[in-house]
Structure formats: structure tokens, C-alpha cells
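Student: coords please:
(4 chains)
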Protein chains: 2
Amino acid sequence: MPEQHTPGTKQRLVSAMTDGLQRRGLHGTGISDVLREAGAPKGVLYHHFPDGKTGLALASIDESIAIITGWLDLALEKYPDPLEAIERWVRAASRRLSETDFEAGCPLATIALETTAADVEVRTALAGAFAQLRARMTEALASAGTPHAEGLAVLIVATYEGGLLQARVANSVVPLQLATDTLGALIRAQRAVAA
Amino acid sequence: MPEQHTPGTKQRLVSAMTDGLQRRGLHGTGISDVLREAGAPKGVLYHHFPDGKTGLALASIDESIAIITGWLDLALEKYPDPLEAIERWVRAASRRLSETDFEAGCPLATIALETTAADVEVRTALAGAFAQLRARMTEALASAGTPHAEGLAVLIVATYEGGLLQARVANSVVPLQLATDTLGALIRAQRAVAA
DNA sequence: CAATCTATAGACCGGTCGGTCTAGAACGCA
DNA sequence: TGCGTTCTAGACCGACCGGTCTATAGATTG
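Tutor: Okay, the predicted model is just below:
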């Protein structure tokens, strides 16, 4: 059975790459940066990831989407109202951003904007990631009886990413918070009417 | 009077840089790429932009924000309902994205995610750009009597950027369209209640 | 205790990066 | 016509990029 029990180094490489993706993006993050942060020599990278930087980036994307949806699932379990759960989930991201001096946004967003359709593998992974995130939200909203669940899911993800972006350049969580609060109010208002 | 009548080369450099920013981002766009696309030799760049790549990027950001707000202003003049004007403006961006094989999104978004707080000049320019865009929308919405105009402006810009991002990786305008339509419906519903 | 496989280690390579420098063409104005 | 300025042109540079290669340490198993 090839590769199974890898405790340290490989994971450290992935984490360092994710950190780089969040802060400077794929092209802005050099292999040597990652290696230095992970405290590992060159050879290790190409041992664990024969496809080099791309392979590492793909692993980082996979891990990121698992973590992000994991957090969302956790919130959805904890709060019966999916809208409240999602709001808590966004608020946690907002906290993470401000705690890192407005550097650590969404690792998927940056790489999404840096790649072209020619980067097939990366694009496919990202498309799957966002689709999965939206599907999870749609399901939660729909099962709570919210109408237009699919539209709301896309809108919420957009608000999340677009809000993070604005918060980042403004060096303030206010834009993200304001966008989320406004959207929440709109959805609740409509819910009240429908009831 | 220093530099006034520059018809060709300088503008071509800026346009080529903007194109690169949209497709591959700041770090993903090499100086030589820009030069090749603009059909200009090295020396020209450093003659017009002594600060090199950064100077060119700043000029590109300035031009981009002028174009983007220009289009918005045009739509706001044409359509009396600011909400409709903004929707048309988003739809135009959506068209541009699909016409370029889902490569040409917002040139400001990518660079926003690639830079850190340490890139003071770029960040300041971007912060100003987004603030200006929001201000213009807030003003239009408020003067039409829409409540929570400021919150809506942040939300709309977030939907725009987040929708573009999702559309890009999905190779389809559907996410952007769906997000915009859903948001439009929510705002109109609230408007109907308030009336 | 060899043999083997996995993982660590870093010297090394060609290519490209952003940036500098010198030379000359084109144009303005006396 | 001569002179200065603006702009074009591209050779050139050191630094760094992602990636390859060989050597070896550590663990596993006969």
C-alpha cells in the first residue's frame, strides 16, 4: 500500500502552501517561500508531490475545501436555523481575517482569479469546491423550507467572497459585516412576508 | 508642462497590463508579456513609468476604476430606477466575461487578493476604488428613496465580485446571473413591503 | 545484519524575472 | 541648422524561479 502514515512534513508543506495562497496567491507564492516556512529542503517537496508546485496547490485546494465545508457543517449541526448557522460561519471567517492583519482571506478565491481556463486541473478542483459549498447550503436552506434555496446559496457565497475582498482592501471587517447583515435582513424580511 | 500629449505607446502599455491583471493577476503577468502584447521594447516602460511594474499597475488600476465607474454612471443616467441601472451594469460585465472565454473578470479583484497590507500604494488605490464605487451606488439608491442604501451598496458590490468569481471557475455566467437576480428579487420584495 | 524502501537533504541547472544602461531616432524650437 | 528634449530600442545584468539530480539517513523486513 503506497503512502499512508505521513504525520508531519507533507502536512506542513500543504499548510504552508495554503497560507501562501491566502496571502499572496499562487503566482505570488514561491516554492522556496513554502519550503522555508515548512522548514523542509527541496527534495522533500518533489518526493511527496511529483507534480511539483501544481500538485501541492491541488492538495492545498482539496484540504481547504474540506476545512471550509467542515466548518459549515459544524455550524449547521449546531444551529437549527440554517440562516443563523451560515451567518455564524461568515462571522468566523471575518474574525480570521482581522486576526491575521487582513491577510488570510479565502485560499480558493485568489487562485480562482489567477488561473485561466487553460489550467484545467486547478479549475476543475475549484469548480467542484464552490459547487459543493453551494450544494450544502442549498440543501440546508431547502430542508428548512426556505424558498429559492439555490439562488440564495449562490448569493450567499458571492456575498462571502465579495465581502471578504472588500474587507481585505479596506483593512476593516465592516464591509463584510455590513454586506452579511444587509443580506440577512433582506432574507428575514422576505421570510416574514411568506409566512 | 511635463507629459501631456501621449497618444499611443503609454496607453497601449496600460491596456496590456489591465488585460493581464484581469486574466492572470499581478504576479502572473510578467513585464515581458505586457511588452510583447503592447509591441514595445523594455526602455519605453521605464521611460513612461520610472517606478516600473508597480507604477504601471497603479496606472492600470486608476484607469480601470475610471472605466468601471464611468459605465456605472452611464447606466445610472440612462435608467431612472437605480436598481435597474445597476442590474444592467452587472449584466454588461457578465457579457464581457463570457465573450472572453471567462478570462476577463474585474482587474481590481485579482490584485486585491494578491497584495498584502505591506503593498501600501496598491492597497490605498484599491481601497479608494471600491469606496468610490460604493459611494456612487449609495448616492443613487438613497436619492431614489431606497432605505439602507449604504448596506445595499456593499452587498451589491460583493455580489458582483463574488458572482464574477463563481462564474469564472464554473465557465458559465449562470452563478453571477442567479446571484444578481436573487438579490434583485429580494430588494424589490422589501421595497414593495415598505411602500 | 544485509536488502530494500521511504524520507530527508541540498547542490545544481537552465530559464525567466524585474530592472538598468547606453545608443539613436523624432520632434520642438531658436 | 543646431541643440535639447522626448521617446524608442534592445543588449545586458544579477537575482530568483520551478525543477532535477545524487547522496544519505531511518525504518522495515527477510
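Student: tell me the SS of the residue in chain A that DNA strand C sits nearest to?
Tutor: In chain A, no residue comes nearer to DNA strand C than residue A:43, which is 2.5 Å away by CB to the nearest atom of the strand. Quick note: C-beta positions are derived from backbone N, CA and C, even for glycine. With DSSP: H, G, I helix; E, B strand; the rest coil as the basis, residue A:43 sits in helix.
Student: For it, give me the pLDDT.
Tutor: pLDDT recorded at residue A:43 is 93.
Student: What of residue A:108?
Tutor: For residue A:108, pLDDT reads 97.
Student: Quickly find the element holding it.
Tutor: helix A:107-114 (DSSP states H and E).
Student: got the angle between that helix and helix B:107-114?
Tutor: 140 degrees (axes from the mean of the first three to the mean of the last three CA atoms, to 10 degrees).
Student: Counting by contacts, list what helix A:107-114 packs against.
Tutor: Helix A:107-114 is packed against helix A:9-28, helix A:52-78, helix A:120-143, helix A:149-170, helix B:9-28, helix B:107-114, helix B:149-170, with contacts defined by 3 or more CB pairs under 8 Å, 6 or more residues apart in numbering or on different chains; DSSP states H and E.
Student: what does the third one rub up against?
Tutor: Outside of helix A:120-143, the residues that reach it under the criterion CB atoms under 8 Å, 6 or more residues apart in numbering or on different chains are A:54, A:57-58, A:61-62, A:64-65, A:68-69, A:72-73, A:76, A:82-83, A:85-86, A:108, A:111-112, A:115, A:117, A:149-150, A:152-154, A:156-157, B:166, B:169-171, B:175.
Student: got it, and the first one?
Tutor: Under the criterion CB under 8 Å, 6+ apart, residues A:29, A:33-35, A:37-40, A:44-45, A:48-49, A:56-57, A:59-60, A:63-64, A:103-107, A:110-111, A:114-115, B:24-28, B:113-116 lie in contact with helix A:9-28.
Student: which among those end up buried?
Tutor: Neighbour counting by 16 or more other CB atoms under 10 Å in any protein chain shown classes A:29, A:33-35, A:37-38, A:40, A:44-45, A:48-49, A:56-57, A:59-60, A:63-64, A:103-107, A:110-111, A:114-115, B:24-28, B:113-116 among the contacts of helix A:9-28 as buried.
Student: Please list which of the contacts of helix A:120-143 are also close to DNA strand C.
Tutor: With the criterion set as CB under 7 Å from any atom of the strand, no member of the contacts of helix A:120-143 is near DNA strand C.
Student: List only buried entries from these.
Tutor: Using 16+ other CB under 10 Å, the buried ones in the contacts of helix A:120-143 are A:57-58, A:61, A:64-65, A:68-69, A:72, A:76, A:82-83, A:85-86, A:108, A:111-112, A:115, A:149-150, A:152-154, A:156-157, B:166, B:169-170, B:175.
Student: Low-confidence regions, chain A specifically.
Tutor: Scanning chain A for pLDDT under 70 picks out A:1-7, A:195.
Student: where does it come near DNA strand D, residue by residue?
Tutor: A:29, A:30, A:31, A:32, A:33, A:42, A:43, A:46, A:52, A:53, A:54.
Student: Quick check on the first one: phi, psi?
Tutor: The reference is to residue A:29. Main-chain torsions, residue A:29, degrees, to the nearest 10: phi -100, psi 110.
Student: can you check the second one too?
Tutor: For residue A:30, the backbone dihedrals are phi -80, psi 150 (criterion: degrees, to the nearest 10).
Student: how close does it sit to residue A:45?
Tutor: Distance of residue A:30 to residue A:45, computed by CB to CB, to the nearest Å: 12 Å.
Student: Repeat that for the first one.
Tutor: The span separating residue A:29 from residue A:45 equals 13 Å under the rule CB to CB.
Student: Would you mind measuring the gap between the ends of stretch A:142-154?
Tutor: Chord length of stretch A:142-154, first to last residue, is 13 Å (CA to CA, to the nearest Å).
Student: which residue does chain A bring closest to DNA strand D?
Tutor: For chain A, CB to the nearest atom of the strand, closest residue to DNA strand D: residue A:52, 2.7 Å.
Student: Out of the residues of chain A next to DNA strand D, grab the one that's most surrounded.
Tutor: For the residues of chain A next to DNA strand D, the largest neighbour count, defined by other CB atoms under 10 Å in any protein chain shown, is 27 neighbours, found at residue A:29.
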